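Asker: Dropping a prediction and its sequence here:
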Amino acid sequence: MLNTILGVAGAILVIAFMIIAHEAGHFFVGKACGLTIDQFAIGFGPKLIKWRRKETDFSVRLFPIGGFCLFRGEDENSKDPKAFNNQAPWRRFLTILAGASANLLCALILASVFLSIYGDAVNVVYEVKEDSPAYEYGLKEGDIIKEYDGDKIDFAIDMSFAISRPDDDRILNIVVERDGEEIALDIPKEYDVNEDKYLAGFTFTQEPVRFGVLKAIGLSFKWLISIVREMLGFLGGLFTGASSTGEVGGVFSAVDVIRQAFFINFGVVLELAALLSINLAVINLLPLPALDGGRLVFIVIEKVRKKPISREIEGTVHAIGMVLLLGLMVLLAYKDIMRMFFGG
């Protein structure tokens, strides 16, 4: 029980830190752009601790999963020359973009740390069944998988994404590294009655690999781009039907996954924290009301039109978006609880 409590507390701290980083990005860039910030809150709900510094009220609140940075005149007209909506579009754009940018910076730092300390894994062919298409076409045990069905494989997580996609192709396009040379193979698949799918006839395993600090820093950019690409592909798949909404989880799922990671390896915690930070960045930049991306859309429209949309209309749109967003969060939390406790 104590381990569970400590794991949950640790997971909540990880999530809270990522949210604080996001809001801090808004705060510091907003300050640099000369904006007035009325409130900066860590968490939601009743205030546990509060203090005031210059014109800003700071608070730590009861529910740590969340937070906000409230700019003066953000969704209304204000006579204050330092109010959000009285600033030049580029200042507002940078201030809003700063939240996601802070999350991506955190992800890069975390990725550099876990890649340099814990390393990652390469995907290696473990067994090739005799008389299988893979055996016939020259795949060998020990081959390092570099591409899989068009997906470049740089990290262990790349392979996880690649094999999780729906696959109806009868040909496996694979590139492997053998003795320092890359070899491209097009392997036809055979139907496996037991698996009820078409397979090429081999298995793979993952072998650990470590990186120096400088190489880890360079690879962290590659890792981030890889994750962002996969996330965008998943989100796009929700609209085309290629991705399943059953894979979408809420805050309880995130807490549970991170809690379990604390009992596996701290490197896994760092990796999950980086993934969460990227998730926050990408989701917040979606062009939807109440999200940072929705606010950026209004600024772009203002720049194109040479005049802003009515602040009252924009405020109403974001308010409606916030209600819908909170409703979605409640729905996902309900799904998480049903899945965790009832297997639903």
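Answerer: Received it, and whenever you're ready, just let me know what you need. Numbers count the residues shown, from 1 in each chain.
Asker: any chance you could map the strands in the stretch 151-300 of the chain?
Answerer: 151-152, 171-178, 181-188, 190-192, 197-199, 202-209 (DSSP state E, counting those that start in this stretch).
Asker: Show me the contact partners of the shortest one.
Answerer: So the one you mean is strand 151-152. For strand 151-152, the surrounding residues in contact (CB atoms under 8 Å, 6 or more residues apart in numbering) are 146, 158, 161-162. Where C-beta positions appear, they are placed from N, C-alpha and C, glycine not excepted.
Asker: rewinding a little: with respect to residue 60, which of the strands of the stretch 151-300 of the chain lies nearest?
Answerer: Proximity to residue 60, assessed across those by CB to CB, is greatest for strand 202-209 (39.9 Å).
Asker: Only C-alpha atoms, please: export stretch 33-41 in PDB.
Answerer: In PDB, the C-alpha atoms belonging to stretch 33-41 read as follows (Å, rounded to 0.1, in the frame of the first residue of the first chain):
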ATOM      1  CA  CYS A  33       6.900  40.900 -23.900                       C
ATOM      2  CA  GLY A  34       5.700  43.400 -21.300                       C
ATOM      3  CA  LEU A  35       2.300  41.800 -20.500                       C
ATOM      4  CA  THR A  36       0.500  42.100 -17.200                       C
ATOM      5  CA  ILE A  37      -0.100  38.700 -15.600                       C
ATOM      6  CA  ASP A  38      -2.900  38.800 -13.000                       C
ATOM      7  CA  GLN A  39      -2.600  35.200 -11.700                       C
ATOM      8  CA  PHE A  40      -0.300  32.200 -11.900                       C
ATOM      9  CA  ALA A  41      -1.700  29.100 -10.300                       C
END
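Asker: okay, now the domains of this structure?
Answerer: With domains defined by automatic domain parsing, the chain comprises 2-116+256-342, 121-209.
Asker: In JSON lines, list the ones you listed along with mean neighbour count, mean pLDDT and distance to residue 229.
Answerer: Listed next are the domains of the chain as JSON lines, based on neighbours: other CB atoms under 10 Å; pLDDT from 0 to 100; distance: least, CB to CB, whole Å:
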{"stretch": "domain 2-116+256-342", "mean neighbour count": "17", "mean pLDDT": "88", "distance to residue 229": "10"}
{"stretch": "domain 121-209", "mean neighbour count": "15", "mean pLDDT": "88", "distance to residue 229": "9"}
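Asker: that older thread, got the strands of the stretch 151-300 of the chain as JSON lines, with distance to residue 31 columns?
Answerer: Shown next, in JSON lines, are the strands of the stretch 151-300 of the chain (distance: least, CB to CB, whole Å):
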{"stretch": "strand 151-152", "distance to residue 31": "40"}
{"stretch": "strand 171-178", "distance to residue 31": "49"}
{"stretch": "strand 181-188", "distance to residue 31": "50"}
{"stretch": "strand 190-192", "distance to residue 31": "60"}
{"stretch": "strand 197-199", "distance to residue 31": "56"}
{"stretch": "strand 202-209", "distance to residue 31": "42"}
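Asker: Ok, which of the ones you listed comes nearest residue 33?
Answerer: Of all the strands of the stretch 151-300 of the chain, strand 151-152 comes closest under CB to CB, at 38.4 Å.
Asker: any idea which residue sits dead centre in this protein?
Answerer: residue 279 (2.0 Å; CA atoms, centre = their mean).
Asker: list the contacts for that one?
Answerer: Applying CB under 8 Å, 6+ apart, we find residue 279 in contact with residue 231.
Asker: circling back to that earlier point, now flag whichever of the contacts of strand 151-152 is closest to residue 114.
Answerer: For the contacts of strand 151-152, the nearest to residue 114 is residue 158 (15.5 Å; CB to CB).
Asker: which SS class is the residue nearest to residue 94 when sequence neighbours are not counted?
Answerer: Distances taken as CB to CB, 6 or more residues apart in numbering place residue 29 nearest to residue 94, at 5.7 Å, with adjacent residues excluded. Under the three-state scheme (DSSP: H, G, I helix; E, B strand; the rest coil), residue 29 adopts helix.
Asker: any idea how far residue 331 is from residue 117?
Answerer: In this structure, residue 331 and residue 117 are 38 Å apart, going by CB to CB, to the nearest Å.
Asker: Quick check: residue 127 touching residue 141?
Answerer: Yes. Counting by CB atoms under 8 Å, residue 127 touches residue 141, with 6.3 Å between them.
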